[in-house]
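Asks: okay, here's the prediction I keep looking at, along with the sequence it came from:
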Amino acid sequence: METPRERAEKLREEIRKHDYHYYVLDQPLISDAEYDRLFRELVELEQAYPDLVTPDSPTQRVGGEVLKGFTPVQHRVPLLSLDNAFNERELRDFNRRLKERLGDEAVAYVCELKIDGVSIALVYQDGVLMSGATRGDGIVGEDVTANIRTIKSLPLRLTYPLPRVEVRGEVYMPKEAFARLNREREDRGEKTFANPRNAAAGSIRQLDPKVTAGRTLGLLVYDILHLEGKEIDSQRETLEFLSELGFPVDRNFRWCASLDEVLEYCEEWQGRRHELPYEIDGVVVKLNSLPARQLLGATAKSPRWAIAYKFPAEEKETKIVAIELN
Ligand SMILES: NC(=O)c1c(N)nc(OC2CCCC2)nc1O[C@@H]1CCC[C@@H]1O
């Protein structure tokens, strides 16, 4: 016979697995009704035995208190921004500068869709989420831990207990959720958000986590800022490892052997961006080799080993506004 603690642990593991399949893989294994039954059993067990509650329990995603303000957080490593390239020539200049600095070493890239959201830094200790902070000015951000915990695709516990790992990703609002939120706000006579990026930024910087919990937000992780207990030497390995740890990773990334392949990727996704459930404003082109990145380093603002190729702004479908001619 299981003790309540064993039962609670088993339920947490089970629910964590279903959260991953539902919110990260979008491939649920059980029905919503069955999931709700598991969740309700855990809530009731934790109510009966309050000392069983752990911070990584799926029942602890929506915090209690409303904050007075956000605590400033100094990032361990500065959260860099990106230089932009707006056309093929600027991408070729970037590639040439890299090759000049690296000598004839083979230069391979990884291209990632540039999610149009808000940058977030996450810290995990022994596999458990400790904190989440906005980028801020790159050095100091805001502690938004209570709010990011409400994002269902964000793991509260990793698949294995690395001593310490700090990762970076983008919090975004899916296009559908953005449209729905603006309709609701319009119906309430409230100001609407200009774009999903602003809606995500506004949702993640709520003082009341319950408001954030009511907004549909997604997370896609793309960088490891600090890692203990594992050696990794390429961006491709980084993305695969982040996935293994249980993070949501955008699977549309592509390893590119040359700049020509980078240009093909940029061209392909400029035409396919409407297929995605979230907005992208370009492609992030990254040198794949981590040791080679060390040779290049970064300026105060941005790395020399990555660049953002920005898509030309989409001509917004002009809304025909009926003009009352009195
Ligand atoms: N928005 C993104 O999808 C994205 C990405 N997939 N990858 C990076 O890697 C950068 C981060 C620092 C060095 C490389 N940055 C991204 O977004 C940046 C963060 C800050 C400005 C851009 O939005």
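Replies: Thanks, I have it.

Asks: what's the pLDDT at E314?
Replies: Among the per-residue scores, E314 holds a pLDDT of 75.

Asks: helix, strand or coil: sort out it for me.
Replies: Assigned with DSSP: H, G, I helix; E, B strand; the rest coil, E314 falls in the coil class.

Asks: distance of it from A201?
Replies: 20 Å (CB to CB, to the nearest Å). To be clear about C-beta, it is placed using only N, CA and C from the backbone, and glycine gets the same treatment.

Asks: show me which of those two is the more surrounded one.
Replies: Higher neighbour count among E314 and A201: A201, with 17 against 11, using other CB atoms under 10 Å.

Asks: what helix or strand is that one located in?
Replies: Element membership for A201 (DSSP states H and E) is helix 196-204.

Asks: packing partners of that helix?
Replies: Packing partners of helix 196-204 (3 or more CB pairs under 8 Å, 6 or more residues apart in numbering; DSSP states H and E): strand 118-125, helix 145-148, strand 164-172, helix 175-187, helix 209-213.

Asks: just the residues contacting the shortest one, thanks.
Replies: Which is helix 145-148. Contacts to helix 145-148, defined as CB atoms under 8 Å, 6 or more residues apart in numbering, come from residues 63, 67, 120, 122, 129-133, 154, 171, 203-206, 209, 212, 219.

Asks: near the ligand, anything from the helix holding A201?
Replies: No. Helix 196-204 lies out of reach of the ligand by CB under 6 Å from any ligand atom, never closer than 9.2 Å.

Asks: tell me the angle that helix makes with strand 164-172.
Replies: 120 degrees (axes from the mean of the first three to the mean of the last three CA atoms, to 10 degrees).

Asks: now the strands for this protein?
Replies: Counting by DSSP state E, one finds strands in the chain at the ranges 72-74, 84-85, 109-115, 118-125, 128-134, 140-142, 164-172, 218-228, 254-256, 280-287, 306-310.

Asks: which one of those strands has the most crowded surroundings?
Replies: Highest mean neighbour count of these: strand 109-115, a mean of 25 (counted as mean count of other CB atoms under 10 Å).

Asks: tell me the residues of this protein that contact the ligand?
Replies: For the chain, the residues in contact with the ligand (CB under 6 Å from any ligand atom) are 80-82, 112, 114-115, 119, 170, 222-223, 284, 303, 306.

Asks: about what we covered before: what does the helix holding A201 contact?
Replies: For helix 196-204, contacts defined as CB under 8 Å, 6+ apart pick out 116-118, 120, 134, 144, 147-148, 171-175, 178, 181-182, 193, 211-212, 215, 217, 278-279.

Asks: any idea how far D260 is from the ligand?
Replies: Distance of D260 to the ligand, given as CB to the nearest ligand atom, to the nearest Å: 21 Å.

Asks: contact partners for that residue?
Replies: If a contact means CB under 8 Å, 6+ apart, then D260 has no contacts.

Asks: is it true that L122 touches E166?
Replies: Yes. The pair L122 / E166 is scored as a contact, 6.9 Å apart, by CB atoms under 8 Å.

Asks: where do the contact lists of the two overlap?
Replies: By CB under 8 Å, 6+ apart, no residue touches both L122 and E166.

Asks: contacts only, for the nearest residue to N288 once chain neighbours are set aside.
Replies: Spatially, and ignoring its direct neighbours in sequence, N288 is nearest to A108 (4.5 Å; CB to CB, 6 or more residues apart in numbering). A108 makes contact with W255, C256, A257, S258, L287, N288, S289, according to CB under 8 Å, 6+ apart.

Asks: need the max-distance pair from the residues you listed.
Replies: With CB to CB as the measure, no two of the contacts of A108 lie farther apart than S258 and S289, at 14.4 Å.

Asks: what about stretch 28-47, average pLDDT?
Replies: Averaged across stretch 28-47, the pLDDT comes to 98.

Asks: show me the shaky parts of the stretch 151-300 of the chain.
Replies: For the stretch 151-300 of the chain, no stretch is flagged by pLDDT under 70.

Asks: list only buried entries from the contacts of helix 196-204.
Replies: Buried members of the contacts of helix 196-204, scored by 16 or more other CB atoms under 10 Å, are 116-118, 120, 134, 144, 147-148, 171-174, 178, 181-182, 193, 212, 215, 217, 278-279.
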